[in-house]
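# Sharing a model that was predicted from the sequence below.
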Amino acid sequence: MSKIAKQMPQVMILLEMSNKINRDRIQGILRYERLYGPWRLHIVEGKRFEQPSRDLRSLGVDGVIAGTTLTELLEPIMRAHVPTVLFDPLDPSATKARPLFRFSTICCDSVAVGRMGAEYLLEQGFAQFAFVGDIWDSNWALKRRDGFVQRLAEAGLPCHVYESPSEAARNDWGVEQKGLAAWLAGLPKPVGLMTANDVRGRQVLDTCLVAGLSVPDRIAVLGVDNDELICATTNPPLTSILRDTEGSGYYAAQMLDRLIRGRSRKRETLLYRPLRVVGRQSTERLQFVDRLAVRAVEFIRINSGIGMNVTDVVKHLKVSRRLAELRFRQAVGHSIHDELQSARLAQVRRLLQETDLSVTEITDHCGYESESYLGLVFRKQFNMTMRQFRKSARIYPRGAVPSGVPDAPR
């Protein structure tokens with residue numbers, strides 16, 4: 001039988017808010033609390049000017065949800081013996097010899113993440129593959145690597161794995177980037193490459209840019225976590241695997257609620273899986289092999305946010321306009337002007353959906369001669385006005401319960 005609460009439970013959350021994954025987790029916790037609370041929530045981020053909480057019992061803390069990266073803040077938890085749920089404990093913490101082993105845990109199925117990455121790149125038609133882990137060989141990164149390699153082995157395909165960097169390289173990105181560039185240059189091309197997370201994916205994309213390795217034509221790059229701040233600011237934008245991190249926060253709160261109410265006393269472990277791959281240009285392979293056309297498309301994509309014309313593209317290719325137009329149409333199936341128009345309209349759509357810029361400002365930014373001309377082109381392409389598109393464009397409602405989450409505590 002559940003305990004009847006005499007007062008509102010106080011729950012301490014130990015998570016770094018600067019981390020997108022943790023912000024998603026907190027959203028999941030808040031969703032559960034709104035549905036089945038109320039709780040008094042106390043969020044601790046481990047910031048420099050925060051006062052540490054030495055005695056959780058004296059503070060009246062009834063339960064804790066914590067990540068395992070804030071190691072110095074976990075000691076009071078181990079002494080307090082209050083109901084606790086941990087996110088993704090590292091391997092040493094998950095062994096019976098370690099004090100943290102007694103706590104319930106919510107873990108990502110990292111092997112499934114790796115397998116999903118392999119499946120996606122296989123579907124893209126790649127025959128060569130590579131994997132780049134994190135610099136510390138963290139257990140979650142190694143499991144993602146293992147899942148990736150295992151799935152490829154089942155398809156009878158090998159995988160090139162980037163070796164752990166030296167101590168000097170771990171402490172200096174400038175040192176490691178030289179070695180990474182040489183390794184990337186030596187891979188068979190074209191290659192589908194998965195990284196352990198988005199941070200590592202950004203480093204790989206930056207290195208490809210420095211080394212003159214075309215993405216995604218020669219190397220397609222796939223990250224993990226779908227951190228929009230990273231994925232949208234890389235060049236090109238990074239394709240990434242979306243994990244159910246928001247759902248994991250909901251599950252953690254649900255698990256802690258059972259512990260606080262006395263519905264469960266045993267240590268529990270729950271695995272959550274990746275949701276899907278969010279495709280972006282870093283894996284968007286061009287369906288043609290003419291190098292001149294590939295260079296043209298890459299140049300157009302890089303400069304889609306500014307006013308540019310066919311003459312600019314031809315100058316970049318350093319061939320005659322007639323040859324450029326002929327080979328581009330033969331390879332792609334439409335003209336350079338059509339490709340420019342498509343790229344510019346895609347940028348117009350992004351600005352309409354994601355900014356509050358006026359149509360006048362968008363017209364000027366994207367290099368159109370007038371609002372009326374842009375409006376005519378947009379309506380012809382999408383069968384709606386720009387105003388109608390902006391009104392209809394909606395971000396996925398974050399207030400909805402995550403897919404597969406139970407509606408009530410068990």
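Cool, the structure landed. Because the structure is a prediction, the values reported are computed rather than measured. Numbers count the residues shown, from 1 in each chain.
# close enough to count as contact, Lys331 and Asp290?
One thing to correct before we go on: residue 331 is Ala, not Lys. Yes. Because the distance of 3.9 Å satisfies CB atoms under 8 Å, Ala331 is recorded as touching Asp290. Every residue, glycine included, has its C-beta placed from N, CA and C.
# check which helix or strand covers Val11.
Of the helices and strands defined by DSSP states H and E, Val11 is found in strand 10-14.
# partners of that strand, with directions?
If you go by DSSP bridges, strand 10-14 pairs up with strand 40-44 (parallel), strand 63-67 (parallel).
# Whichever helix or strand comes after it packs against which elements?
For strand 10-14, the succeeding helix or strand toward the C-terminus, using DSSP H and E, is helix 20-36. Applying 3 or more CB pairs under 8 Å, 6 or more residues apart in numbering; DSSP states H and E, one finds that helix 20-36 makes contact with strand 10-14, strand 40-44, helix 245-260.
# try 6 Å this time
Packed against helix 20-36 by the contact rule (3 or more CB pairs under 6 Å, 6 or more residues apart in numbering; DSSP states H and E) you find helix 245-260.
# partner strands of whichever helix or strand comes after the helix it packs on, parallel or antiparallel?
Once helix 245-260 ends, the next helix or strand along the chain (criterion: DSSP H and E) is strand 269-272. If you go by DSSP bridges, strand 269-272 pairs up with strand 104-108 (parallel).
# Pull the residues that contact stretch 155-174.
Around stretch 155-174, the neighbours that count as contacts under CB atoms under 6 Å, 6 or more residues apart in numbering are 129-132, 135, 137, 149, 152, 175-176, 183, 187.
# Next, the buried residues of that stretch.
Counting neighbours by 16 or more other CB atoms under 10 Å, one finds that the buried residues in stretch 155-174 are 157, 159-160, 162, 165, 169.
# For these, give me JSON lines that also has secondary structure, distance to Thr233 and pLDDT.
Below are those laid out as JSON lines (DSSP: H, G, I helix; E, B strand; the rest coil; distance: CB to CB, whole Å; pLDDT from 0 to 100):
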{"residue": "Leu157", "secondary structure": "coil", "distance to Thr233": "32", "pLDDT": "96"}
{"residue": "Cys159", "secondary structure": "coil", "distance to Thr233": "28", "pLDDT": "98"}
{"residue": "His160", "secondary structure": "strand", "distance to Thr233": "27", "pLDDT": "98"}
{"residue": "Tyr162", "secondary structure": "coil", "distance to Thr233": "23", "pLDDT": "97"}
{"residue": "Pro165", "secondary structure": "coil", "distance to Thr233": "24", "pLDDT": "88"}
{"residue": "Ala169", "secondary structure": "helix", "distance to Thr233": "24", "pLDDT": "93"}
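# So which residue is dead centre in this structure?
Using CA atoms, centre = their mean, the residue of the chain that lies closest to the mean C-alpha position is Asn226, 1.5 Å off.
# Pick out whichever of Ala331 and Asp290 has more residues nearby.
When Ala331 is set against Asp290 and neighbours are counted by other CB atoms under 10 Å, the residue ahead is Ala331, at 18 against 14.
# does the more buried one really touch Ala293, like I thought?
Yes. Using CB atoms under 6 Å, Ala331 is in contact with Ala293, at 3.7 Å.
# before we move on, back to that, between helix 245-260 and the strand holding Val11, find me the angle.
Angle, strand 10-14 to helix 245-260, by axes from the mean of the first three to the mean of the last three CA atoms, to 10 degrees: 140 degrees.
# what's the helix or strand for the residue nearest to Glu119 when sequence neighbours are not counted?
The spatially closest residue to Glu119, leaving aside those adjacent along the chain, is Arg151, at 6.4 Å (CB to CB, 6 or more residues apart in numbering). With secondary structure defined by DSSP H and E, Arg151 is part of helix 139-154.
# so what secondary structure elements neighbour that helix?
Applying 3+ CB pairs under 6 Å, 6+ apart, we find helix 139-154 packed against helix 110-123, strand 129-132.
# quick revisit: wait, which of the buried residues of stretch 155-174 is closest to Gly63?
When the buried residues of stretch 155-174 are ranked by distance to Gly63 (CB to CB), Pro165 comes first, at 39.5 Å.
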